[in-house]
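Asks: Generate coordinates for the sequence data below:
(2 chains)
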Amino acid sequence: MAQPKTTQTFLTGNGDAQRALIVVFLRGGADGLSLVPPLADDGYHRARPRIAIKPADAVKLDGFYGLNPLLRDLEPAWKDGALAVIHAVGSEDTTRSHFEAQDLMEHGGLAAGGWLGRFLRHRKGAAAGPLSAIALGRSLPECLRGAPAATAMTSLKDFSLDAPAKFIEQLGDLYTANPGALGIAGRDTLAALRRIDELRATDYKPAHGAEYAGDYFSQGLRQVAQLVKARVGLEAASVDLNGWDSHLSQGTVMDPEIVKLNKGLSAFYRDLGPLMATTTVVVMTEFGRRVEENSAFGTDHGRASAMLVLGGGAKGGRVLGRWPGLTRDVLEGPGDLPVTTNYRDVLAPVLRRHKAGDLATVFPDFKLAPLDLYG
Amino acid sequence: MNVSRRKFLQAGSAAALAATAGCNRAPSDLLPFLKPASPDSPFQPPQSAAIDLVSHCINRLSFGARPGDYSRVRKLGATEAEAVAAYIEEQLDPDRIPDKLARWAVRRCETLDGSVGELFEYKERLLLEELTRGALLRAVFSERQLFEVMVQFWTDHFNIAPSKGDCRWLKTADDRDVIRRHAFGHFPAMLRASALSPAMLWYLDGRANRRRNADEKPNENYARELLELHTLGVHGGYSQQDVMEVARCLTGWTVRGTKESKFRLGKVEFNPHLHDKEAKTVLDQHIPAIPPNLSREEQERLGSGELDLVLDIIALHPATAKYLATKLCRRFIAEEAPAAAVAAVAEAFLKSSGNLRDTLRALFATPEFLAARGGKFKRPFHFITSALRATGAETDARRPLTEFLDRMGHAPFQYPTPDGYPEEAAPWMGTLLWRWNFAVAFGENKIKGTKLDTKALKLRADGEAGLLAHLLGRKPSEEELRASTESGAPLSLALASPAFQRF
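Replies: As a prediction, the model looks like this:
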């Protein structure tokens, strides 16, 4: 078995022109109308007499939209022009099923593997190192399926194997001899183990006074920041933020998650500082919620929601996407915000920025009309 | 083996058992029963280079072979085929398998027997702990292995994460009264029990599903998962309209919660005032309106009866048969469920009106089942329990052990969303590091509350090659044998090896 290589030799992933894409998936169907409320649309306040965000409470973005007051720490990024919002965005899936919608969105349509996995495999000059893709959490999300190397982890501290060298060596031999996905997973795990062992030896201090909260989301982003700065060839990371399925008492369900999102993203933005120019954070969800609130102060599964793109050179300070309005005639099905921008058209320009190969491979069977995120 | 060593081993095993049983010893009436499983008798590991039929059936119908299981099953018939046929029939009739050891192992988990009302008197953390310990101990020690495998299957199928609302008290009742009671029964009965399970009414918001007037929107959450995950499957031919109509049919069912009441907590009730009395259409079947001039009793009878009308439409629907057959074949045969086997299993399901034993019997009779050997990837729970079983280890199934399951994202009853833990291999590929860590710590007896006797085990298996053959369910390859010797920790290496991750 090959000897552990040094950090430098593994910088082949994307080398000196390092670009990292961080995908934050809000699982459970996050309500875009609460995250980025269309304050100037009367229909919004009519449909949600009890749970709408009041214009006086919101962070003003432009004359029309506001930001949920619990997201106020993102205002600096917005003012810096680093944060872009895309509204009325979503997928073509109309099942309104969490699993179906997440599945289709993470696969990027009906295709083998996930969109992030296919991006990594077909990236220009791809030579993925063992840490080119990580998932913060205990399992790999579908979007990373098919990636050349992807590792699920909960924290750097966790990542070790307390066994003698000869044991690890024999283990490596057995997995190397094993064909198929299990052999690959084994070899990737051993390679990643060596890299993190090197990283662990150093203490991490966030920069620019950034303070990460103690929750799993902030801590996940902290680990990602450490890996980005350590230049270990990280190209993609996936971080989930769960708990958005607000059928009952919307505020009780959503507010704690919005607070986590606010704290995590703002700390990450601050911590990375100039490195945000080459680091993109994309925030997405499988679908939005019904426009009208239900009898239990909640909202049921709907269609369009909002996406956020932070950093990476995206021209922010803007809300992109066509707002369809909320009148009865434009709402879809049982009363849902229609999708005017497909999520792929947000991801496509981002991936291109991250040196994607053929975008038709990443998003097959879809006629792309990429959003002008960088213009 | 000479007499003194035999006695020594016997004494050791009794001590290990007493040590892991908490504070008290095994009751004397259990000792004769425990003896066949006690780690002093030699056993015959599998002999062939590939996984044979006996190994295969033990692998698939259980959480892994214990020392001696292979030879016991092999002796059930004159040929391998006869032996596994007898084993399958034995496992399909769990009521006739004595299971004292498993009952003894969970005897301390008294919350598992608590009535719905009593459950609210316990701390929720204790309830989850005992549910978890119960699941692990039964998977490891029960003789009714296929039953326990199916309990896990249905736990995922009707997944409830106890962290939501009153589920933290009620899941224990759901586990016992829905999953375990019906796991080998009839699907329509299990579906109905699940629909009216207080935990399910909480978990999928059924309790808040009401429509007092035309402006009120029913809560669709349960209706959707009922069609998508519990019965027809997402491509089962229903529409968004059907989901809304089913939700309307189920309006009015609710459960007494801790927030509203102090009495009769967890009691499931039907309130006709919250029920939508207009006409509905579910999968093209018309359900007439409830006339307003009827008596309250009559309205209640008709309104609550709509639950049964809906379940009658979907429980034995061909799409349900196909969906369940596909899931069963994915569990027992291969990730890509073979179409011919799915068809045979679906047919048996429909022909028997959802009799789950007949359905499984048909599955085990398919040529696809008999042929698909060693290709499935163990989920973390299966990996851990199979390691404990293979080594005849004793465990209290407490925190130091369950921590490994937490790390691998497979702690029992902790999957947050209603689709349940995935059966496919890919989502678990990131867990190898923790499997290896478990194998190392376990092999070195470093997991508190869990004990194994490697020396005795090796003796019983007649050396290292025999032990490896037992662990892998076939003779080890030369590479495996060599790697295991050179690793310095043969047992740990075998448990960490690619072959032991499969079944």
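Asks: Am I right that A:Phe268 is in contact with A:Val281?
Replies: Yes - at 6.8 Å, A:Phe268 and A:Val281 qualify as touching, with contact defined as Cβ atoms under 8 Å. For every residue, glycine as well, the C-beta is placed using N, CA and C.
Asks: From B:Ala135, how far off is the residue nearest in space to the middle of chain B?
Replies: With distances taken as Cα atoms, centre = their mean, the residue of chain B nearest its centroid is B:Gln152 (1.0 Å). Computed with Cβ to Cβ, to the nearest Å, the distance linking B:Gln152 and B:Ala135 is 7 Å.
Asks: Between the two, which contacts overlap?
Replies: Counting by Cβ atoms under 8 Å, 6 or more residues apart in numbering or on different chains, B:Gln152 and B:Ala135 have no contacts in common.
Asks: all strands of the stretch 51-200 of chain B, in order?
Replies: Under the criterion DSSP state E, counting those that start in this stretch, the stretch 51-200 of chain B contains no strands.
Asks: Quick check: the residue of it nearest chain A.
Replies: Using Cβ to the nearest Cβ, the point where the stretch 51-200 of chain B gets nearest to chain A is B:Gly165, with a distance of 8.8 Å.
Asks: That residue: what's its closest spatial neighbour, skipping adjacent residues?
Replies: For B:Gly165, the nearest residue in space outside its immediate sequence neighbours is B:Trp202; the separation is 4.7 Å by Cβ to Cβ, 6 or more residues apart in numbering or on different chains.
Asks: got it, and B:Leu452?
Replies: Of all residues apart from its sequence neighbours, B:Ala393 sits closest to B:Leu452 (Cβ to Cβ, 6+ apart), at 3.9 Å.
Asks: Quick one: distance of the helix or strand that A:Gln102 is a member of to the chain centre.
Replies: For A:Gln102, the element it lies in under DSSP states H and E is helix A:98-107. Taking Cα atoms, centre = their mean, to the nearest Å, one finds helix A:98-107 lying 14 Å from the centre of the chain it belongs to.
Asks: got it, and stretch B:430-447?
Replies: That offset, for stretch B:430-447, works out to 23 Å (Cα atoms, centre = their mean).
Asks: for chain A, what are the nearby residues on the stretch 251-400 of chain B?
Replies: Within the stretch 251-400 of chain B, the positions near chain A by Cβ under 8 Å from any Cβ of the partner chain are B:Phe377.
Asks: In the stretch 251-400 of chain B, what residue lies closest to chain A?
Replies: Closest approach between the stretch 251-400 of chain B and chain A, counting by Cβ to the nearest Cβ: B:Phe377, at 7.0 Å.
Asks: and that residue, how many neighbours?
Replies: Residues near B:Phe377, counting by other Cβ atoms under 10 Å in any protein chain shown, number 21.
Asks: Name the nearest residue to it, ignoring sequence neighbours.
Replies: Distance criterion Cβ to Cβ, 6+ apart; nearest residue to B:Phe377, sequence neighbours excluded, is B:Ala425 at 3.5 Å.
Asks: Compute the distance between that neighbour and B:Thr431, please.
Replies: For B:Ala425, the distance to B:Thr431 equals 10 Å [Cβ to Cβ].
Asks: likewise B:Asp242?
Replies: Look at B:Asp242 and B:Thr431: by Cβ to Cβ, they are 38 Å apart.
Asks: Looking only at neighbour counts, state which of these two leads.
Replies: Between B:Asp242 and B:Thr431, counting by other Cβ under 10 Å, B:Thr431 is the more crowded of the two (28 against 23).
Asks: thought that one was touching B:Lys378?
Replies: No - B:Thr431 sits out of contact with B:Lys378 when judged by Cβ under 8 Å, with a separation of 9.9 Å.
Asks: report the longest helix in chain A, please.
Replies: Looking only at chain A and at elements set by DSSP state H, the helix with the highest residue count is helix A:250-272.
Asks: what about residue 54, neighbour count?
Replies: Because you didn't say which chain, this covers chain A. Applying other Cβ under 10 Å, we find 11 residues neighbouring A:Lys54.
Asks: meant chain B actually
Replies: Burial of B:Val54, expressed as a neighbour count using other Cβ under 10 Å, amounts to 26.
Asks: Spell out which residues sit in contact with it, please.
Replies: With contacts taken as Cβ under 8 Å, 6+ apart, B:Val54 has the following neighbours: B:46, B:70, B:73-74, B:80, B:83-84, B:87.
Asks: So B:Ser353: helix, strand or coil?
Replies: Under the three-state scheme (DSSP: H, G, I helix; E, B strand; the rest coil), the conformation of B:Ser353 reads as coil.
Asks: distance of it from B:Asp312?
Replies: When distance is defined by Cβ to Cβ, B:Ser353 is 11 Å away from B:Asp312.
Asks: what's the answer for A:Ile196, then?
Replies: Spatial separation of A:Ile196 from B:Asp312 under the definition Cβ to Cβ is 55 Å.
Asks: Who has more neighbours out of these two?
Replies: Neighbour count, other Cβ under 10 Å: between A:Ile196 and B:Asp312, A:Ile196 has more, with 24 against 13.
Asks: If you drop the residues flanking it in sequence, what lies closest to that one?
Replies: Residue nearest to A:Ile196 in three dimensions, not counting chain neighbours: A:Phe159, with 4.3 Å by Cβ to Cβ, 6+ apart.
Asks: and that neighbour, how many neighbours?
Replies: Residues lying near A:Phe159 (other Cβ under 10 Å) number 20.
Asks: where in the stretch 1-150 of chain B is pLDDT low?
Replies: Scanning the stretch 1-150 of chain B for pLDDT under 70 picks out B:1-40.
Asks: where does it come near chain A, residue by residue?
Replies: Taking Cβ under 8 Å from any Cβ as the criterion, the stretch 1-150 of chain B has no contact residues with chain A.
Asks: Show me which residues of the stretch 201-350 of chain A sit near chain B.
Replies: Within the stretch 201-350 of chain A, the positions near chain B by Cβ under 8 Å from any Cβ are A:242-243, A:247-248, A:290, A:292, A:294-296, A:298, A:300-301, A:333-334.
Asks: hang on, the earlier thing: in this structure the residue nearest to B:Leu452 contacts B:Gly449, no?
Replies: No - with the criterion set as Cβ under 8 Å, B:Ala393 and B:Gly449 do not qualify as a contacting pair; they are 10.5 Å apart.
Asks: What pLDDT is listed against B:Tyr415?
Replies: Each residue has a pLDDT score; the one for B:Tyr415 is 80.
Asks: got the contact list for it?
Replies: When the contact criterion is Cβ under 8 Å, 6+ apart, the partners of B:Tyr415 are B:156, B:159, B:161, B:421.
Asks: Filter those down to the ones in helices?
Replies: Counting by DSSP H, the members of the contacts of B:Tyr415 that fall within helices are B:Asp156.
Asks: pLDDT weak spots in the stretch 101-250 of chain A?
Replies: In the stretch 101-250 of chain A (pLDDT under 70), the answer is A:111-113, A:125-130, A:146, A:148-149, A:158.
Asks: where does A:Ile22 land in three-state SS?
Replies: Of the three states, A:Ile22 takes strand under three-state DSSP.
Asks: Would you confirm that it contacts A:Val224?
Replies: Yes - distance between A:Ile22 and A:Val224: 5.8 Å, which falls inside the contact criterion (Cβ under 8 Å).
Asks: Mutual contacts of the two, please.
Replies: Shared between the contact lists of A:Ile22 and A:Val224 (criterion: Cβ under 8 Å, 6+ apart) are residues A:237, A:239, A:268.
Asks: Dump the residues you listed to CSV, plus neighbour count.
Replies: Supplementary listing: the shared contacts of A:Ile22 and A:Val224 in CSV, determined by neighbours: other Cβ atoms under 10 Å in any protein chain shown:
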residue, neighbour count
A:Ala237, 28
A:Val239, 25
A:Phe268, 28
